[in-house]
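Colleague: how does the following fold in three dimensions:
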Amino acid sequence: MNETALLVNTALASGTTLALAALGLLINERAGVLNLGAEGMMLVAAVAGFAVAFTTGSDVLGFGAAALAGAALAAVFGLLVIFLNTNQYATGLALSLFGYGLSAFVGVGMVGKSLSAREQHAIPVLSDIPFVGPALFSHHPMVYVAMGLTLAVAWFFYRTRSGLLLRAIGENPEPAHALGYPVRLIRLGAVCAGGALCGLAGAYISLVTAPLWVQGLTAGRGWIALALTVFATWRPARALLGAYLFGGVTVLQLNLQAQGVAVSSHLLTMLPYVATIVVLALISRNAAFIRLNMPASLGKPFRPGS
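Modeller: Next up, the predicted model:
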């Protein structure tokens with residue numbers, strides 16, 4: 001495989017985890033709910049997906065179990081913040097810490113275990129096209145699922161009545177409630193859908209990127225996905241492009257290490273996180289731009305009749 005094609009291939013593969021998680025968080029935030037527990041959901045989903053895939057030998061069942069695990073944790077979070085009106089920031093952080101501890105406890109017997117040799121994926125005929133084939137058409141199916149989901153979510157947001165309602169609730173839930181719409185249930189549905197996507201992101205790491213289980217496998221990707229929603233100004237297509245951009249930074253770091261660049265490996269490992277901080281710092285300089293694009297009710301509790 002051509003070296004440039006290989007870089008594009010690995011950047012897309014690496015960015016898929018961030019794309020799935022950011023897309024899930026974007027759905028939450030468009031509904032007005034801020035969930036800082038992405039890292040915890042991804043970890044629990046990663047260990048659930050790995051355990052099921054290791055036991056059954058089926059990646060499909062593994063991804064399904066991970067999506068259910070992510071949705072279940074998100075549902076607990078949703079019940080707390082939407083119906084009991086707990087603080088979204090504190091509850092999200094608690095979920096992240098809980099997920100880290102739960103995944104470590106559940107996965108203690110699987111540390112060091114790995115899945116069988118991974119199947120190589122390629123789209124017939126298209127994968128044989130010089131450069132384009134290896135770069136774009138030789139990926140795990142979940143890479144294309146992430147792309148398809150991005151298009152589906154964008155279509156849902158901007159081309160359907162339900163998507164318009166969801167965005168309207170994220171801006172101002174009171175009018176929707178006055179018209180008789182179940183605002184809390186809609187928000188809970190959005191939170192569960194976002195949790196399921198974070199679950200798929202976690203499973204992609206433990207089943208595809210690194211088909212094994214170790215504690216803290218997600219390595220902070222949930223936090224980067226949270227930053228991506230701001231970077232993307234809450235738009236699905238920009239979230240996908242941003243995920244690939246950060247995936248490219250990760251690949252650059254690995255490529256520099258492989259070439260033996262005379263820089264500490266610890267400093268190179270920091271690159272994706274430094275890039276996240278730099279991007280957020282640059283965006284934050286224009287507070288008016290963020291306020292213009294951010295859902296107006298993001299992070300604010302909704303109390304019917306108050």
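Colleague: CA only for contacts and neighbour counts going forward, please
Modeller: OK.
Colleague: C-terminal to the helix or strand of the chain with the lowest mean pLDDT, what's the next element?
Modeller: For the chain, counting by mean pLDDT, DSSP states H and E, helix 265-269 ranks last in confidence among helices and strands (a mean of 66). Helices and strands here follow DSSP states H and E; after helix 265-269, the next one along the chain is helix 271-284.
Colleague: please name every helix or strand in contact with that next one.
Modeller: Helix 271-284 is packed against helix 221-231, helix 236-258, with contacts defined by 3 or more CA pairs under 8 Å, 6 or more residues apart in numbering; DSSP states H and E.
Colleague: tell me which of those helices sits most buried.
Modeller: Stretch with highest mean neighbour count among the helices and strands packed on helix 271-284: helix 221-231 (a mean of 23; mean count of other CA atoms under 10 Å).
Colleague: which secondary structure elements does that one contact?
Modeller: Using 3+ CA pairs under 8 Å, 6+ apart, the elements in contact with helix 221-231 are helix 3-30, helix 38-56, helix 236-258, helix 271-284.
Colleague: TSV for the ones you listed, including distance to Ser297 and mean pLDDT?
Modeller: Formatted as TSV, the helices and strands packed on helix 221-231 follow (distance: least, CA to CA, whole Å; pLDDT from 0 to 100):
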stretch	distance to Ser297	mean pLDDT
helix 3-30	9	91
helix 38-56	20	96
helix 236-258	19	81
helix 271-284	19	72
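Colleague: give me the buried positions along whichever strand or helix holds Ala168.
Modeller: Using DSSP H and E, Ala168 sits within helix 161-171. Residues Gly163, Leu165, Leu166, Arg167, Ala168, Ile169, Gly170, Glu171 are the ones in helix 161-171 that count as buried (16 or more other CA atoms under 10 Å).
Colleague: chain center to the next helix or strand after that helix, what's the gap?
Modeller: Under the assignment DSSP H and E, the closest C-terminal helix or strand after helix 161-171 is helix 173-178. Helix 173-178 has its C-alpha centroid displaced from the chain centroid by 29 Å (CA atoms, centre = their mean, to the nearest Å).
Colleague: per-residue confidence averaged over helix 173-178?
Modeller: For helix 173-178, mean pLDDT rounds to 94.
Colleague: list of residues touching it?
Modeller: Contact with helix 173-178 is made by Leu165, Ala168, Ile169, Val183, Ser297, Phe302, Pro304, as judged by CA atoms under 8 Å, 6 or more residues apart in numbering.
Colleague: distance of Gly195 from Ala227?
Modeller: To Ala227, Gly195 is 17 Å away according to CA to CA, to the nearest Å.
Colleague: what two of the contacts of helix 173-178 are the furthest from one another?
Modeller: Farthest-apart pair in the contacts of helix 173-178 is Leu165 and Pro304; separation 17.0 Å (CA to CA).
Colleague: quick check: the gap between Ile82 and Trp155.
Modeller: Using CA to CA, Ile82 is found at 26 Å from Trp155.
Colleague: repeat that for Ala239.
Modeller: According to CA to CA, Ala239 stands 14 Å off from Trp155.
Colleague: ditto for Asn87
Modeller: For Asn87, the distance to Trp155 (CA to CA) stands at 31 Å.
Colleague: over to Gly49?
Modeller: With the distance defined as CA to CA, Gly49 ends up 29 Å from Trp155.
Colleague: more neighbours: which of these two?
Modeller: The residue with more neighbours, out of Gly49 and Trp155, is Gly49; 32 against 13, by other CA atoms under 10 Å.
Colleague: which element is the nearest residue to the more buried one once chain neighbours are set aside on?
Modeller: Excluding the flanking residues, the one nearest Gly49 by CA to CA, 6 or more residues apart in numbering is Gly62, at 4.0 Å. Per DSSP H and E, Gly62 falls inside helix 59-78.
Colleague: which positions in that helix come out as buried?
Modeller: 59, 62-75, 77-78.
Colleague: quick one: residues contacting the residue nearest to Ala201 when sequence neighbours are not counted.
Modeller: With CA to CA, 6+ apart as the criterion, Ala201 has its nearest non-adjacent residue at 4.6 Å, and that residue is Thr17. Residues near Thr17 by CA under 8 Å, 6+ apart: Ala201, Gly202, Tyr204, Ile205, Arg221.
Colleague: tell me who's in contact with the third one.
Modeller: Shown in contact with Tyr204 (CA under 8 Å, 6+ apart): Thr17, Ala46, Phe63, Met142.
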